[in-house]
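Participant: Need coordinates for the following:
(chains A and B)
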Amino acid sequence: CEKNFDAINTNPNDPTVLPPELLMPHGIKLAVNTTWGGSLGQDVGSCWSQHWARIQYTEIDQYNFTTDVQDSPWQAYYIEANADFEKIIDLGKAGGNENYQAIGLIMRAYTFSQLTDIYGDIPYSQALQGTKGTVYPKYDTQKAVYAGLVKDLMTASDLITAKTVSKEGDILFAGDMTKWKKFANTLSLRLLIRMLGKADATIDAKAEIDRILGNPAKYPVMTAVSDNAKLVYLTDAPNNNPINQNRKTRDDHRVSKTLVDKLQALSDPRLGVYANKVGDKYVGVPNGLSNTDAGALGLAQTSKVGDYFVQATAPAVLMTFAELNFIKAEAALKGVTSAGTAAANYAAGIKASMDQYSLTLPAAYPTTLPADASTALTQVLEQKWLALFGQGIEAWTEFRRTGVPALKAPAINYNAGQIPSRLPYPSSEENLNGTNMKEALGNMGGSNNMQTKLWWAK
Amino acid sequence: QDRPLSGVVTSAEDGQPLPGVSISVKGQTKGATTDAAGAFKLSVPSGSVLVFSYVGFTSMEVKVGNESTLNVQMAVSAKSLTEVVVTALGIERDKKALGYSVQELKNSELTQARPTNLVNALSGKIAGIQVTSSNGQPGASSRIMIRGANSIGGNNQPLFVVDGIPIDNGSYNTAASASATNTNNVSVDYGNGASAINPDDIDNISVLKGANAAALYGSRAANGVILITTKSGRGSKGVGISVNSNITFDKPFRLPEWQNGYGQGFSKVNADGTYGGGVFEYVDGKGGGINDGVDESWGPKMDGRLIAQYNSPIDPATGKRVPTPWIAHPDNVKNFHRTGMTTTNNVAITGGSDKGDFRLSFTNLHQDGMYPNTNYKRKNLAFNASYHLTPKLNARASVNYIKDGSDNRQNLNLYWIWFGRQVDLADLNQEVEPGTDPSQWPVQRNWNSNYWNNPYYVLRHQTYGNDKDRVVGNVQMTYQVLPWLKVMGRSGTDFGLDRRITKRAKGVGLVNGEFAEDNVYVQETNTDFLVTGDKHFGDFQATVSVGGNHRYSYFQRDYLQAPELKIPNLYNIANSAVRPNVYNRSTKKSVNSLYGSASFSYRDYYYLDVTARNDWSSTLPAGNRSYFYPSVSGSAVLSEALGFNSATVSYLKARAGWAQVGNDTDPYTTQQVYQAEDAWGSVTTFSENNLIYNSKLKPEQTTAFEAGIEARLFRNLINLEVTYYDKATSNQILRANVPLSSGYYNSVINAGKIRNSGIEVELSATPIKLANGFRWDVTLNYARNRSEVVDLGGLSNYQINTGSLLRNVILEARPGSPYGNFYGTYTRRAPDGQMIIDASGYPVMSSDRRVIGNIMPKWTGGFQTSVSYKGITLSTLFDARFGGQIFSQGINIGRYTGVLKETLPGRESGNIVAPGVTETKNADGSFTYAPNTKAVLLPENYYHNFYNRNNNENYMFDASYVKWRELRVSYTLPQKWFGRTPFRGVTLSAVGRNLALLYKNVPHIDPETSYYGDGNVQGFENGNLPSARSIGFNLAFGL
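Facilitator: As a prediction, this is how the structure comes out:
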């Protein structure tokens, strides 16, 4: 009675085995799209960091939104991106190509870092084990996640060999393993700068920064704008830039008045890239206006986000050489000698940001730092905020960590007058992993709202 | 000397013509059979005696005089009680021998007040079944569920069997990429498989409700079986023709109550901070004017003031629009709906002799929907024939070809909900601005160009059509080996190819048009044999059957999509402006079964049935493929056994049964695979699958008990049937959601137990029955079901709805709760129940979720009554559902956008104060509550927050209803009027369906609706086209 049953029940549609490079484009695209596009990149990132502002349906710019805003990024990062990266690590290990294993580790670390910066404590050490027997992962504290990621990135950097990987599948660096190595170590520095000076950090952040910056041969970092980690999109949907796709049917965003004012005060040429003119001037929109006020300001009378960012093939940036310079400037100001001098790094950071958009640094542009370390730090972080335009989540993270620039929540807001400190955990975790989630909230010392401070902001 | 004699045989009970009555001339071999209209013709000598016999009716003898016309009324045989019903595997049995509940529907209950979807005809007529029609779109699906939900993850619909062969009732609906009206996803309803069966071809429907009744169908019978027996020429002599013609007109059953005071726009704040009323001015419909990109109605009062609107004339001198009066169009939405019309014409020819019989039937159905350019078309061609090859060997074959489809199945979800109430829809019928080149992408004439297309443009140029060819057929051979031993072999198949074509011109939310072709091929083939022996031993009788079945299912879907077109209006994949999307998938499944049944009876009043079945399913892992399940049932006709047949209790039967049914799962759930994804340019890509597969699955198991009594009381005046059941399904195969942090979305597991128990009552009575033929009948049915999710194998809950949810309302199963709880956000309240209002003057929504409703009704019922007298029959049906909730996104958004009438108060004055209290926390941790005094300046701010659309509790409504479901007045014209013409049994009827909503607790919408079609996710409304109120006429006659 069971003749041929095994054959009948063999899936003819989907593969059971495949080479790791076939998983790379999907995982990378989904991770980057999530950070860059969608409500996460555009509203939570770019609006809450006041690079952009809403001109229609302004509720989210007042921190009032439906739960899919917190649900979708969690879903995309864990099951679309990280499940692929976890598999690439396994396949790289099993197939004997350490480079795939390293790429998987780096992308997984990037994705976990986004998750922890958005939500706080997250499932990390027990995450992604669904087919290996753990479906209800416990949460790790943010400081443990950070320590773990620095270790993962070091492992990845150490693993990289001369073996070749698929150019086609590597849609980030086209198989250039040196660039992967630089990305790994530069990303490590982004994490370490947030750990620097935290007394309860489980690893010595300063020593780790020294490990990287003190040994460029073993742990190279980005040295030019051409090292930037960025995904260059293709012309056609569904592989075009997600902001380009959004603008095909929506027209909800403008540049923020906060940003326009700051760039105008500096006579900064980046304003011409970041924003479009209305007539002969740039008009920023205050964040969090009522719909009525936003309507009165008018869709046609306010500056849209610059054309550079809404092209189909506009790149989505994961990390830049400019950011590295600002990280090093901050490290230098905090006494890490391997980072060089703050002044040099600061000037290099501004130049790298201009270079990124093929702009010439105006001769009159202020690139010097004051002697007072605290004022200098504020200036470094303000320039960092300007350079992070487009990378809304990173800009929001840095604001939450440092309070620079001194952004103010809009008058109408649904978060007790504060810019949100985090996104609440998604409803699916509350529903399905409630016990572990509640334990994490207990560890963070708050409830599942947008006012509980994350570890690096305490 | 033989003389021609003709006439019509009707039922004395309801005046309906009786087809298939066999008429013999006493003492001769000569005879005839009535045709579908109950008419007969034969030649007999004067003085001969005709014997009329028909199953379930008392045979009668009539002596023929000199008349040429003889009309006969046959009485239902109450005394013999030989009510024959069709049971599992198509076996006809005496109802009194059954140890379980079976209910039957006759053809006349399906064809007169006919709904397009057969499933809807069952609503209200049978205790314990719940029918939900999805929406008013032509060809839309309907869901049927018997005795509650057995399975947490399955679809819970019964198996449909036609002439012994299971058929496909799948709908295979998928969410389209984006709706034609805006950028939200929308699901298009392509109807359920069983909806295409033609009621004209159905002789009767037998509903097997419990596991006992259905145990022999195995795996899929756990949710009950709908057994359909089609008409044949069996028993007929000579050739007869019957014709049935039906026309019905449809109007929306219920539309929302709109506000007609204020049009599109928002209100404003004056310079001095006071409320400035609504403002609007159209420039480009995208925000270029004053609030002209807004699709809400908080704008100026519609008092005739002059405002530039989308259809205001443009002054050629200035290029600006000349303001025109701003007035209300209260019936704009109502009048957008046209009168839908359905015509159904059937002609059937039957014939037979003692050697064999045939029936050939053709039906043409055409339905024009209530929205312009929407329709549904169906042609059914049915043929069946049998022949006695030898006295012992009979062959029968049946084939039914169905061609159905639609040019457009669009239902404009939420279109009128995001809306400017001032819009004159009649004006939009001119869908394209004058001067636009029709060969290019046209410029729409439109009230809003930010989010919405012109609705006429959508219906005419953004269409979801389909064209399905389907064949259901079977062949059967029966050999009478010995007088007591019969062998039957049968093979049947159901296969269909549905070509679904989406053509969408460029529009808002759609960059350059779209073309998609979705080909769905479904085939199921069943081959079975049955050996039946039947023997008497004194007072004992035994029937033993042994059989086997081989089932093979194949499914294939090929999807091709050009997501953007290069040349406008050219719908071809080759015209794709970008890389086309393709998807193809096929699945196979095979199940082999062996089964046996034994029925014993003693003196025709004690009965015992035993069945056993073993299945082998390809979908389960090798070690768990084989599973066995038995059933046993018994009944006792106590009135006969104990001999207390009295005038008060003329018949009393008690019955009880216990059964198990196993169930398998979908193909390919035992092995982990990767999933194909959109290519990156020319680079093929895959991803880790989101599902955790399971290589150790076991079959599901349903165990059911039922018991009941059947009684006839007061000289058969009252007929009562009461059934109690209790069933539980364990080892359920679930695709359980797991935390996404595991890296996966869901996991195939064996877990959980769900229990349903309930009671069903059927009561029928004939309060008046006079000698002059006047008769009044009443039928009442009632059913209540209680479900409980007993255990989920360690899962805290199981989410039934997945994917993109409406407002994040979760429908789930949670241990200790009834099946189908809604989980969602709610309003925070003070201890005395008043709403807590915050400092801004808005109600405070919870940050957590809790149970805010449940989809399952507490009870359902139906009340049917008919009066007949001299060929006139009046009958009507009321259908009730009490309890259970529905979540309405239509009301949710309609309150947010200010189109519904409850958003009117405060529009003139602004400064609205919400009823409720403020909450202050005291130093000791206690709370003080004080009446809210905070006024909200702008009405839209007030209503956006007062009716907070993210507060799910605000939009849960009681889905109870009492509907006046059917009304039928029919008149069988006296045969003498037709004299020597060939017309026989001419019957005219006026029919109505969904006539009135007599009781409801939900505003604006029909509580019977389903946004997600006939799937397991029920209880959601999304501004869809309401069901129709239909009124029509039916003409039937024979030739």
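Participant: what's the weakest-modelled helix or strand in chain A?
Facilitator: Ranked by mean pLDDT, DSSP states H and E, the weakest helix or strand in chain A is helix A:291-297, scoring a mean of 83.
Participant: and the closest residue to A:K206 other than its chain neighbours, how many residues sit next to it?
Facilitator: Leaving aside its sequence neighbours, A:K206 sits nearest to A:V336 (Cβ to Cβ, 6 or more residues apart in numbering or on different chains; 5.8 Å). Yep, even glycine has a C-beta here, placed from its N, CA and C like the rest. A:V336 is flanked by 21 other residues according to other Cβ atoms under 10 Å in any protein chain shown.
Participant: same question, B:Q672
Facilitator: 15.
Participant: next one: the one 3 residues further on
Facilitator: When neighbours are counted by other Cβ under 10 Å, B:Q675 registers 15.
Participant: For my notes, confirm B:R93 occurs in a strand.
Facilitator: Yes: judged by DSSP: H, G, I helix; E, B strand; the rest coil, B:R93 forms part of a strand.
Participant: residue contacts, it?
Facilitator: Contacts for B:R93 were tallied using Cβ atoms under 8 Å, 6 or more residues apart in numbering or on different chains; they are B:84-85, B:87.
Participant: Show me the shaky parts of the chain.
Facilitator: Unless you meant another one, I'm taking chain A. A:1 (pLDDT under 70).
Participant: hmm, I had chain B in mind actually
Facilitator: Applying pLDDT under 70 to chain B flags the ranges B:1, B:13-14, B:29, B:55-56, B:76-82, B:112-113, B:174-187, B:645.
Participant: other SSEs contacting the least confident helix or strand of chain A?
Facilitator: strand B:266-269 (3 or more Cβ pairs under 8 Å, 6 or more residues apart in numbering or on different chains; DSSP states H and E).
Participant: Using CSV, write out every CA atom in the strand it packs on.
Facilitator: What follows is strand B:266-269, C-alpha atoms only, in CSV (Å, rounded to 0.1, in the frame of the first residue of the first chain):
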residue,chain,number,x,y,z
PHE,B,266,-9.7,69.1,7.3
SER,B,267,-10.7,71.8,9.7
LYS,B,268,-8.5,74.7,10.7
VAL,B,269,-7.5,76.8,13.6
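Participant: Can you name the residues of the stretch 751-900 of chain B sitting close to chain A?
Facilitator: Selection of the stretch 751-900 of chain B residues close to chain A by Cβ under 8 Å from any Cβ of the partner chain yields B:796-797, B:799, B:804, B:807-808, B:810, B:812, B:823, B:847-849.
Participant: ok, the residues you listed vs B:P767, which is closest?
Facilitator: Among those, B:E812 lies closest to B:P767 (Cβ to Cβ), at 46.7 Å.
Participant: circling back to that earlier point, chain A: which of the contacts of B:R93 is nearest?
Facilitator: The closest of the contacts of B:R93 to chain A turns out to be B:T87 (Cβ to the nearest Cβ; 25.6 Å).
Participant: okay but that closest one is in contact with B:A213, surely?
Facilitator: Yes: if you go by Cβ atoms under 8 Å, B:T87 and B:A213 touch, sitting 6.8 Å apart.
Participant: okay, and the common contacts of those two?
Facilitator: B:98, B:102.
Participant: sorry, back to before: what's the ChimeraX line that selects buried ones from the contacts of B:R93?
Facilitator: Here is the ChimeraX command that selects the buried residues among those (16 or more other Cβ atoms under 10 Å in any protein chain shown):
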select /B:85,87
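Participant: Please parse chain A into its domains.
Facilitator: As given by automatic domain parsing, the domain ranges for chain A are A:20-222+A:421-457, A:254-306.
Participant: and if you look at chain B?
Facilitator: If you go by automatic domain parsing, chain B breaks into B:2-74, B:111-237+B:340-415+B:452-820+B:855-884+B:960-1038, B:261-328+B:426-451, B:893-958.
Participant: returning to that earlier point: was I right about the residue nearest to A:K206 contacting A:E208?
Facilitator: No: A:V336 is not in contact with A:E208 according to Cβ under 8 Å; the separation is 10.3 Å.
Participant: before we move on, the earlier item: let me have the residues of the stretch 751-900 of chain B next to chain A in TSV, adding secondary structure and neighbour count as columns.
Facilitator: Conversion of these to TSV gives the following (DSSP: H, G, I helix; E, B strand; the rest coil; neighbours: other Cβ atoms under 10 Å in any protein chain shown):
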residue	secondary structure	neighbour count
B:S796	coil	14
B:N797	coil	20
B:Q799	strand	20
B:S804	coil	12
B:R807	helix	21
B:N808	helix	19
B:I810	strand	21
B:E812	strand	21
B:Y823	strand	23
B:S847	coil	11
B:D848	coil	11
B:R849	coil	20
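Participant: which of these lies closest to B:L691?
Facilitator: B:Q799 (14.2 Å).
Participant: circling back: pick the most deeply packed of the domains of chain B.
Facilitator: Comparing these by mean neighbour count (mean count of other Cβ atoms under 10 Å in any protein chain shown), domain B:111-237+B:340-415+B:452-820+B:855-884+B:960-1038 ranks first with a mean of 20.
Participant: how long is that one end to end?
Facilitator: In terms of Cα to Cα, to the nearest Å, the two terminal residues of domain B:111-237+B:340-415+B:452-820+B:855-884+B:960-1038 are separated by 15 Å.
Participant: now it, how far from the centre of its chain.
Facilitator: Centroid separation between domain B:111-237+B:340-415+B:452-820+B:855-884+B:960-1038 and its chain, computed with Cα atoms, centre = their mean, to the nearest Å, is 8 Å.
Participant: same check, this time on stretch A:235-250
Facilitator: With Cα atoms, centre = their mean as the basis, the mean position of stretch A:235-250 lies at 19 Å from the chain mean.
Participant: Stretch A:200-217 now?
Facilitator: 22 Å.
Participant: For it, give me every contacting residue.
Facilitator: So stretch A:200-217 is contacted by A:143-144, A:146-147, A:150-151, A:154, A:185, A:188-189, A:192-193, A:195-198, A:219, A:221, A:328, A:331, A:336, A:338-339 (Cβ under 8 Å, 6+ apart).
Participant: Go ahead and produce PDB holding the CA coordinates of that stretch.
Facilitator: C-alpha atoms of stretch A:200-217 as PDB (Å, rounded to 0.1, in the frame of the first residue of the first chain):
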ATOM      1  CA  ASP A 200      30.200  47.500  33.600                       C
ATOM      2  CA  ALA A 201      31.300  46.500  30.100                       C
ATOM      3  CA  THR A 202      32.300  42.800  30.100                       C
ATOM      4  CA  ILE A 203      35.300  43.400  27.800                       C
ATOM      5  CA  ASP A 204      37.900  46.200  27.900                       C
ATOM      6  CA  ALA A 205      36.700  48.400  25.100                       C
ATOM      7  CA  LYS A 206      39.900  50.500  25.100                       C
ATOM      8  CA  ALA A 207      42.100  47.400  24.800                       C
ATOM      9  CA  GLU A 208      39.900  46.100  21.900                       C
ATOM     10  CA  ILE A 209      40.200  49.500  20.100                       C
ATOM     11  CA  ASP A 210      43.900  49.300  20.500                       C
ATOM     12  CA  ARG A 211      43.900  45.800  19.200                       C
ATOM     13  CA  ILE A 212      42.400  47.000  16.000                       C
ATOM     14  CA  LEU A 213      43.900  50.400  15.500                       C
ATOM     15  CA  GLY A 214      47.300  49.300  16.800                       C
ATOM     16  CA  ASN A 215      47.600  46.500  14.200                       C
ATOM     17  CA  PRO A 216      46.400  47.600  10.800                       C
ATOM     18  CA  ALA A 217      48.100  44.700   9.100                       C
END
